[in-house]
Structure formats: structure tokens, C-alpha cells
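A.B. asks: Sequence and computational prediction follow.
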Amino acid sequence: MDASEHIDSDPTGSESLQQDLEPGLTPEIVDITDPQHRPEALRRAAALLKEGECVVLPTDTVYGIGADALDPIAVQRLLMAKGRGRDMPPPVLIGDAAVLPALCDRVPDAAKALADAHWPGGLTLIFHAQQDLTMDLGETNGTIAVRVPDQDATRQLLRITGPLAVSSANKSGSPAALTAQNAADQLGISVALYLDGGPSRIGEASTIIDFASGDEGKVLRQGALSIEDIHLIAPDVVPLAQPETPDPAPETDPEPADGPSQDADPVTGSTE
């Protein structure tokens, strides 16, 4: 599997989680917009994450479901909550860019420049992981996708917990959650706690650039950060490949065909 598998795909389903949305089972949502109550909520979230539970948290782009990146059972719980397989490993969120060298084998100059310019922010970078990294995120083929979110409360949490495996807080294949309630409506009690930081500011998934395949970088998903802003910092980054437009068929028969061909668009995923 290659680095593009960090992008969301179609749902795999999970019968074991059908009970998560049954009537009478109410997810717990905690407001963290009040600075006075936030520290206690973050300490509680950190404790739950340490115990192997999943927590939904706000980010600048969309809401995410997080798990301890060093706990393979917790990561599997995250994947099951989304209805997603190990072939679609989640990205990792970190509180500060200074953590990056501990996770990645090497950071090319273009990637460092982009991180310096756009972290915290809506940019996910994929690298070769450190060989001795003990994270089991799924079938990563030795890569890791990393982002620093532009959301103060979530970065505070990340500084308590360390790196978290975080994917968009929605059932795989469904719309991304822009509020804690959106996430709770989809994920139910498969999540121990929902941190409500208000509506997502950007409302669009991060842009993903693959630096594991080459030092110049290649866009795998065009999202919150535009290609124009990317090229201002790293002009050699390869833009997202556009689907080829087929040549028009020769007009040999005046009678209409039974119906137009419905070629599927390439699946690039809509969430983190």
C-alpha cells in the first residue's frame, strides 16, 4: 500500500458498532469554549485517551476522532468507529512542529518550508516514518501523515497527550462533521467524550502533500490550502492530477445511444 492510503475511502462497515446509534444511548458532549472550564475538560479527555478510549475534538478544518497513536487497540477502536479498515491508516496530529523529527525519518527542505509557513493550519504532510517508531496505525507501508491543527484547545490537549491518531469524526464515506453534535450523530457512544469547541472555522479538510514519494512533494488531496499558496513556498510541488477528458467519439450514427457512459471520478476522499 502507498502513501495515498492515508486518504479516506468508501465505508467498510462494522456490525459490532450498530448499537452506537440506538435510542436511549446518549453521547457525552462537553463545551470547551469557556476558558475557565477548558483545563478540566482537557485533563479528562487526556485521561480517557490514556485509557485507550476515543475522543472527538475540534480542529480548524473539521472535527476529528482521536486515539492514542501509541496504542494499537485504541487506533483499531478509532477505525471501527468510522467503519474503516487498516488499509486506510489515520493521520497523526501533533501540538508543535518541533515534534516532527521524532516521527519522521527525514524532512525535505520543501516540506520544512511549508510547515514553517502553514503550521498550524490545514496542511497534512506525509513522510517516511522513523524506523524505530512504535506506532501501529494500520497498513502505512512505512509512512506517516502529520499535521499541526490551528485550534488552540486541541493543541493544548496534544501537548498533554503527545501525538494522537486523528481522522475525521464521521462514518467513512459520510460528510465530515463541522460541529460536535454532527460527530455525535454519526459516531454515537463509540466515542467516550466529545469536546465541543464550536463550529469548525474552515469547514474543509486539509490539503495532503506526499513527501514520501519524492523530495519535491505531490498533492494527494486538494483541501484547505490552495495550490497557489503552496507554490509560493514550494514551487516544485506537483499539483493534484486531474482526470483526463476522453476524446469525443466520432459521429457515426445519428441515433442516440441507450445512455451516456458514467465514468466514475477518481476517489480522493473528502475528510482527514
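C.D. replies: The structure has been received and is ready for your questions.

A.B. asks: C-alpha only now, for contacts and for neighbours.
C.D. replies: Will do.

A.B. asks: Sort out which residues of the helix or strand of the chain with the lowest mean pLDDT are buried, please.
C.D. replies: Ranked by mean pLDDT, DSSP states H and E, the weakest helix or strand in the chain is helix 100-103, scoring a mean of 94. Residues Leu100, Leu103 are the ones in helix 100-103 that count as buried (16 or more other CA atoms under 10 Å).

A.B. asks: Would you indicate which residues of the next helix-or-strand element following it are buried?
C.D. replies: Downstream of helix 100-103, the first helix or strand assigned by DSSP states H and E is helix 109-118. For helix 109-118, the neighbour count (16+ other CA under 10 Å) marks Ala110, Ala111, Leu114, Ala115, His118 as buried.

A.B. asks: need those in JSON lines with pLDDT and distance to Gly95, can you?
C.D. replies: Rendered in JSON lines, the data for the buried residues of helix 109-118 read as follows (pLDDT from 0 to 100; distance: CA to CA, whole Å):
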{"residue": "Ala110", "pLDDT": "98", "distance to Gly95": "21"}
{"residue": "Ala111", "pLDDT": "98", "distance to Gly95": "17"}
{"residue": "Leu114", "pLDDT": "98", "distance to Gly95": "16"}
{"residue": "Ala115", "pLDDT": "97", "distance to Gly95": "13"}
{"residue": "His118", "pLDDT": "97", "distance to Gly95": "14"}
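
A.B. asks: Looking at those, spot the one nearest Ile209.
C.D. replies: Among those, Ala111 lies closest to Ile209 (CA to CA), at 8.7 Å.

A.B. asks: Please verify my assumption that the closest one contacts Gly214.
C.D. replies: No: using CA atoms under 8 Å, Ala111 is not in contact with Gly214; the gap is 10.7 Å.

A.B. asks: just to revisit the earlier point, can I get the least confident helix or strand of the chain in CSV? Just the C-alpha atoms.
C.D. replies: Output of helix 100-103 as CSV, limited to C-alpha atoms (Å, rounded to 0.1, in the frame of the first residue of the first chain):
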residue,chain,number,x,y,z
LEU,A,100,8.2,16.2,13.7
PRO,A,101,11.8,14.9,13.7
ALA,A,102,10.9,12.3,16.3
LEU,A,103,8.3,10.9,14.0
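
A.B. asks: Identify the residues contacting it?
C.D. replies: The contact list for helix 100-103, computed with CA atoms under 8 Å, 6 or more residues apart in numbering, reads Val107, Ala129, Gln130, Leu133, Ile144, Val146.

A.B. asks: Buried members of those residues into PyMOL, please.
C.D. replies: For the buried members of the contacts of helix 100-103, the matching PyMOL selection, counting by 16+ other CA under 10 Å, is:
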select buried, resi 107+129+130+144+146
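
A.B. asks: Could you dump the contacts of helix 100-103 into CSV with secondary structure, pLDDT and distance to Ala97 added?
C.D. replies: Shown next, in CSV, are those (DSSP: H, G, I helix; E, B strand; the rest coil; pLDDT from 0 to 100; distance: CA to CA, whole Å):
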residue, secondary structure, pLDDT, distance to Ala97
Val107, coil, 96, 11
Ala129, strand, 96, 15
Gln130, coil, 94, 16
Leu133, coil, 91, 17
Ile144, strand, 97, 14
Val146, strand, 98, 9
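
A.B. asks: Next, format the contacts of helix 100-103 as CSV and append distance to Met80.
C.D. replies: Converted to CSV, the contacts of helix 100-103 look like this (distance: CA to CA, whole Å):
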residue, distance to Met80
Val107, 31
Ala129, 24
Gln130, 26
Leu133, 23
Ile144, 20
Val146, 21
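
A.B. asks: Summarise which helices and strands the longest helix along the chain is packed against.
C.D. replies: Longest helix in the chain, counting residues (DSSP state H): helix 38-50. Of the remaining helices and strands, those touching helix 38-50 by 3 or more CA pairs under 8 Å, 6 or more residues apart in numbering; DSSP states H and E are strand 55-57, strand 64-68, helix 152-161.
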